[in-house]
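Visitor: Sharing a sequence plus its predicted fold:
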Amino acid sequence: MSLKLTQRLTIFLDRRSHNWQQRMCLITFLVLSLSVIVAGVPMHIFGFIGRNHVALQALSALTWVTTLVIFVCYLLQRLSLKVAISTFGILTQLTDSARIMYMTLERPEGFVDTILFNQVISLALIIYLVMAVVRHVPAIITSLSIATITFAYLNSDGEINKQLVLIFVIVEIFTCILGELIRQGIGGMQRENEDYHSTLNRLLATFHMTKTELLAYIQLGRGGMQDKDITHFFDHLDERTEANLIKAVKQRVAQRRMQHADISAVLPTLTPTEQEVCRLIIGGKTILEIAAILNKTPNNISTVRIHIRKKLGLATTDDLRDSLLNAMGTENNLTQK
């Protein structure tokens, strides 16, 4: 039963949210609204918590009705998530401010404790809306809350501790500022994430591959796959992708053979490895780059270069690349590195 409930909740969240930011907002809205509908307000109306005062219970009943309407309208998709949580937050703060102002003007016994209790609720509401990454609403609620506690302080004849008022004001302001910074940071990360997925999807569409196939292809290109892994890689390609890949490889092999044939025709005394190194030298590759391409050590490539120089009869002052270009009959219009 619990597993089915969890699955249904997951499906609901997936359908109603499209990214991490929306998911956090949705979860926060559900938690806040259900806590008001199921627990908080009913407990006050039935006298389990708070003051048993008719006006205060009437405000709680109003909060319960408006929250239920907003919640049902969202479930029926009559309200968007942003509108629903924004309306809920502002209306909740307005009723909370009404309670504080009423207690300030009536001043029943213990009214200061009730005011501070409702101010804590306002602070908690701001924190939850910051967690929901909602724009503007935390600032609106912070302004209403500060205005309300300031009104209560000015009209309480000093019964409310000034230091407590200052603490509430400072904490709410900094919470609101921190929330805006967090929202901007999350928004930036969300845009980067969307850009990453967009680039990845375009890349996969270009190569007609899945993400797994592309990663395997990159690993194959780096020479990090064993024979069984190569077989597994090709087995998971569709026929079109495999045919295109094989065709491209055949064309490249033919080009490389033509290049080797040219070098071997001009420099027939060189070994196949020396011819490959010559081709890369002509292409402007450094010793480290050649070593990485041929999967050899830089010392090994340096030794091959020495052998090539000896076979070409070059002096120590002769540049190997220029000599190869001249031998191949190519104009040396490349900048020597």
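Guide: All right, it came through fine.
Visitor: all contacts plus neighbour counts: C-alpha atoms, from now on.
Guide: Will do.
Visitor: ok, now which ones touch the closest residue to residue 130 other than its chain neighbours?
Guide: Taking Cα to Cα, 6 or more residues apart in numbering as the measure, residue 130 lies nearest to residue 179, with 4.9 Å between them; neighbours along the chain are not counted. Residue 179 sits next to 130, 131, 133, 138 when contact means Cα atoms under 8 Å, 6 or more residues apart in numbering.
Visitor: same deal with residue 56?
Guide: Each residue near residue 56 by Cα under 8 Å, 6+ apart is listed here: residue 99.
Visitor: what's the helix or strand for the residue nearest to residue 130?
Guide: In this structure, residue 179 is located in helix 162-207 according to DSSP states H and E.
Visitor: how is this protein carved up into domains?
Guide: Residue ranges for each domain of the chain read 2-194, 238-327, as given by automatic domain parsing.
Visitor: For residue 205, which of these is the nearest?
Guide: Nearest to residue 205 among these is domain 238-327 (11.4 Å), distances taken as Cα to Cα.
Visitor: Least confident of the domains of the chain, on average?
Guide: Of all those, the segment with the smallest mean pLDDT is domain 238-327, scoring a mean of 82.
Visitor: From the opening residue of it to its closing one, how far?
Guide: Across domain 238-327, the terminal residues are separated by 45 Å (Cα to Cα, to the nearest Å).
Visitor: now swap in stretch 44-60 and tell me
Guide: One end of stretch 44-60 to the other measures 7 Å (Cα to Cα).
Visitor: With distance to residue 66 added, can I get the contacts of residue 179 in TSV?
Guide: Conversion of the contacts of residue 179 to TSV gives the following (distance: Cα to Cα, whole Å):
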residue	distance to residue 66
130	22
131	22
133	22
138	19
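Visitor: Show me the one in those residues that has more neighbours than the rest.
Guide: When these are compared by neighbour count (other Cα atoms under 10 Å), residue 138 ends up highest, at 29 neighbours.
Visitor: so which strand or helix has it?
Guide: Using DSSP H and E, the element containing residue 138 is helix 137-154.
Visitor: elements contacting that helix?
Guide: helix 81-106, helix 111-131, helix 162-207 (3 or more Cα pairs under 8 Å, 6 or more residues apart in numbering; DSSP states H and E).
Visitor: Serialize those helices to JSON lines and add fields for distance to residue 308.
Guide: Supplementary listing: the helices and strands packed on helix 137-154 in JSON lines, determined by distance: least, Cα to Cα, whole Å:
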{"stretch": "helix 81-106", "distance to residue 308": "71"}
{"stretch": "helix 111-131", "distance to residue 308": "67"}
{"stretch": "helix 162-207", "distance to residue 308": "40"}
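Visitor: Spatially, what comes nearest to residue 50 if we skip its sequence neighbours?
Guide: Once chain neighbours are set aside, the closest to residue 50 by Cα to Cα, 6+ apart is residue 44, at 5.8 Å.
Visitor: Correct me if wrong: that neighbour contacts residue 57.
Guide: Yes: applying Cα atoms under 8 Å as the test, residue 44 and residue 57 come out as touching, 6.9 Å apart.
Visitor: quick one: which of the domains of the chain is nearest residue 231?
Guide: domain 238-327 (11.8 Å).
Visitor: rewinding a little: what's the spacing between the residue nearest to residue 130 and residue 156?
Guide: Counting by Cα to Cα, the gap from residue 179 to residue 156 is 31 Å.
Visitor: For the helix or strand encompassing residue 34, give me every contacting residue.
Guide: Secondary structure from DSSP H and E places residue 34 in helix 20-34. For helix 20-34, the surrounding residues in contact (Cα under 8 Å, 6+ apart) are 13, 16-17, 67-68, 71, 81, 85, 88, 128-129, 131-134, 186, 190.
Visitor: Can you turn the buried part of these into a ChimeraX selection?
Guide: Entered in ChimeraX, the line below selects the buried ones among those, by 16 or more other Cα atoms under 10 Å:
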select :13,16,17,67,68,71,81,85,88,128,129,131,132,133,134
